[in-house]
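Okay, sequence plus prediction incoming.
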Amino acid sequence: MDHPSTSILGNWGEDQAARYLQQQGFEVVDRQYRQKWGEIDLICRDGETWVFVEVKTRASLALPSAIESITPRKRLRIIRAAMSYMKWKRLEGHALRFDLVLIEAGRIEWIPDAFESSSYYTY
């Protein structure tokens with residue numbers, strides 16, 4: 001279980017990321033989607049594309065950095081949860097992608113299409 005301050009920081013970071021993405025024209029559709037094999041922090045729409053967003057928040061520039069904490073295993077869990085969401089919502093065939101929002105020491109960095117070299121996945 002997360003330490004309460006970690007949960008508070010994580011929720012604050014997700015709120016900041018949601019506002020930031022809305023300013024970029026995204027529609028935030030869902031938050032904190034959880035399945036036994038993974039979770040998604042934010043689920044958004046960017047035009048016709050479904051965007052699954054992992055948010056990592058650090059109060060300082062501590063190690064490991066936010067980007068270093070997104071391991072291959074973590075990416076796989078996010079992808080599996082996204083596939084589950086797409087199936088559950090009957091969105092097969094729609095374009096989707098995986099973005100990261102990193103918040104470190106108050107600075108927001110958005111990394112679109114962070115998990116693969118191709119721009120879109122088709123489920």
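Nice, thanks for sending it over.

Share the number of residues neighbouring the spatially closest residue to residue 49 that is not a sequence neighbour, please.
Spatial nearest neighbour of residue 49, chain neighbours left out: residue 95 (4.5 Å); criterion: C-beta to C-beta, 6 or more residues apart in numbering. C-beta coordinates here come from the backbone N, C-alpha and C atoms, glycine included. Counted with other C-beta atoms under 10 Å, the neighbours of residue 95 add up to 16.

Was I right to think residue 95 contacts residue 50?
Yes - judged on C-beta atoms under 8 Å, residue 95 makes contact with residue 50 at a distance of 7.0 Å.

Just say helix, strand or coil for residue 91.
coil (DSSP: H, G, I helix; E, B strand; the rest coil).

what's the answer for residue 28, then?
Residue 28 - assigned by three-state DSSP - is strand.

now it: how far from residue 34?
Taking C-beta to C-beta, to the nearest Å as the criterion, residue 28 is separated from residue 34 by 17 Å.

Next: residue 56.
When C-beta to C-beta is applied, the distance between residue 56 and residue 34 equals 17 Å.

What of residue 96?
To residue 34, residue 96 is 18 Å away according to C-beta to C-beta.

Look at these two and report which has more neighbours.
Under the criterion of other C-beta under 10 Å, the comparison of residue 96 against residue 34 puts residue 96 first, with 21 against 10.

Would you mind finding the longest helix in this structure?
helix 4-23 (DSSP state H).

Just the mean pLDDT for it, thanks.
Over the span of helix 4-23, the pLDDT mean works out to 87.

I'd like the distance from that helix to the chain centre, please.
A distance of 11 Å separates the centroid of the chain from that of helix 4-23, by C-alpha atoms, centre = their mean, to the nearest Å.
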